[in-house]
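> I'd like to go over a predicted model; first the sequence, then the structure.
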Amino acid sequence: MTEWLDLGEDDERAIAAFMSRVANLRIPDPESRIPDSGQLWWKAQLLKKWEAERRAQWPLDVMQPIEIAGGLVAAGLLLYWSLPYLL
Amino acid sequence: MGRLDEAAFAAFHARSSRALRAYVYRVVGNPSDADDIVQDAFLRMLRAEVPADDEEHLRRYLYRVASNLIVDRWRRRKFEQGAELQSELSSPRPRFEEDADVAKIFSELKARDRALLWLAYVEGESHEEIASSLGVGRRGVRVMLFRARRRLRDLLQARGLVNS
């Protein structure tokens, strides 16, 4: 149970009684828009799958521009070294 | 350590979703946002693959995620500044005049105070459990809770519901 810093006993009783009223206030449309557990489970599995795919795809996404840049540099160097023979 | 399977999650969801929704709704004051936050909290818990051996641990994790989502929402919409929060909190329509008064008084507290008081009095959580649910230090909870109770006492006093 929670231990308190000091408020008077009357205050404590009033707060506890008030919070008991708060706890019993009506909640509108109980669980109206929350999907059931099956839908939540399915959605979470789908999100996990997408995340796994994104993680797997990530190195490819990072490497692609590096590969293109490397290819262009190699082509440039090849052209540079080949120039004397071509001219 | 075991992971949640679908059946275990269904059982956990059945036991915890109503209480979680009541907590979130009472703190944010808007049923639509409460539903979004509750759904997001369950999804994040599932995606994080929290060990399922200890249901209390799962529950704490769920409340912590929901509390963080509530804070994120406030920051995003700058609800702490007041007017918008006030108009939103007045949207629940309790059936009885007295319930309206109770809801109104509670809505006048800061959101963090509402969360603290709900967890302490309605959920019956200890300081340690509240600290875990809100992701704050245990010592801080003791002081924050005292201040929240004092602010509520002041509101009740201002309405003559507690002797000065």
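Received, thanks.
> okay, now the unreliable bits of chain B?
Applying pLDDT under 70 to chain B picks out residues B:1-2, B:78-97, B:163-164.
> run the last query once more with 80
Along chain B, segments meeting pLDDT under 80 span B:1-3, B:52, B:74-100, B:160-164.
> residue with max distance from the center of chain A?
The centre of chain A is farthest from one residue, residue A:87, which by Cα atoms, centre = their mean lies 57.7 Å away.
> quick one: mean pLDDT over the helix or strand where residue A:67 lies.
Assigned by DSSP states H and E, residue A:67 belongs to helix A:37-86. Mean pLDDT, computed over helix A:37-86, is 91.
> distance of the residue farthest from the centre of chain A from residue B:109?
84 Å (Cβ to Cβ, to the nearest Å). C-beta: built from backbone N, CA, C; applies to glycine.
> check whether stretch B:59-71 comes near chain A.
No. Under the criterion of Cβ under 8 Å from any Cβ of the partner chain, chain A is not reached by stretch B:59-71; the shortest gap measures 11.9 Å.
> now that stretch: buried residues?
For stretch B:59-71, the buried set under the neighbour-count rule, 16 or more other Cβ atoms under 10 Å in any protein chain shown, comprises B:59, B:60, B:61, B:62, B:63, B:64, B:65, B:66, B:67, B:69, B:70, B:71.
> of those, which is the nearest to residue B:129?
residue B:60 (6.7 Å; Cβ to Cβ).
> I'd guessed the closest one sits against residue B:131; true?
No. Residue B:60 lies out of contact with residue B:131 (Cβ atoms under 8 Å); the separation is 9.7 Å.
> take the buried residues of stretch B:59-71 and keep only those in strands.
The strands in this structure, assigned by DSSP state E, contain none of those.
> which strands and helices sit next to the helix holding residue A:67?
helix B:6-28, helix B:31-48 (3 or more Cβ pairs under 8 Å, 6 or more residues apart in numbering or on different chains; DSSP states H and E).
> tell me which element residue A:10 falls in.
helix A:9-23.
> now that helix: how far from the chain's centre is it?
39 Å (Cα atoms, centre = their mean, to the nearest Å).
> do the same with stretch B:22-34
8 Å.
> first-to-last residue distance for it?
8 Å (Cα to Cα, to the nearest Å).
> determine if any part of that stretch is in contact with chain A.
Yes. Contact of stretch B:22-34 with chain A (Cβ under 8 Å from any Cβ) involves B:22, B:25, B:26, B:31, B:32.
> how distant is stretch B:102-120 from the center of its chain?
For stretch B:102-120, the separation from the chain centroid amounts to 9 Å (computed by Cα atoms, centre = their mean).
> pull the number of nearby residues for residue 57.
All of this refers to chain A. Residue A:57: 10 surrounding residues under other Cβ atoms under 10 Å in any protein chain shown.
> look at chain B instead
13.
> got a list of what it touches?
By Cβ atoms under 8 Å, 6 or more residues apart in numbering or on different chains, the contact set of residue B:57 is B:50, B:51.
> counting neighbours, what do you get for residue 58?
No chain was given, so I picked chain A. Neighbours around residue A:58, by other Cβ under 10 Å: 10.
> sorry, should have said chain B
Residue B:58 sits with 19 neighbouring residues when counted by other Cβ under 10 Å.
> how about residue A:80?
Neighbour count for residue A:80, taken as other Cβ under 10 Å: 9.
> how close does it sit to chain B?
51 Å (Cβ to the nearest Cβ, to the nearest Å).
> before we move on, what about residue A:57?
18 Å.
> understood, closing this out.
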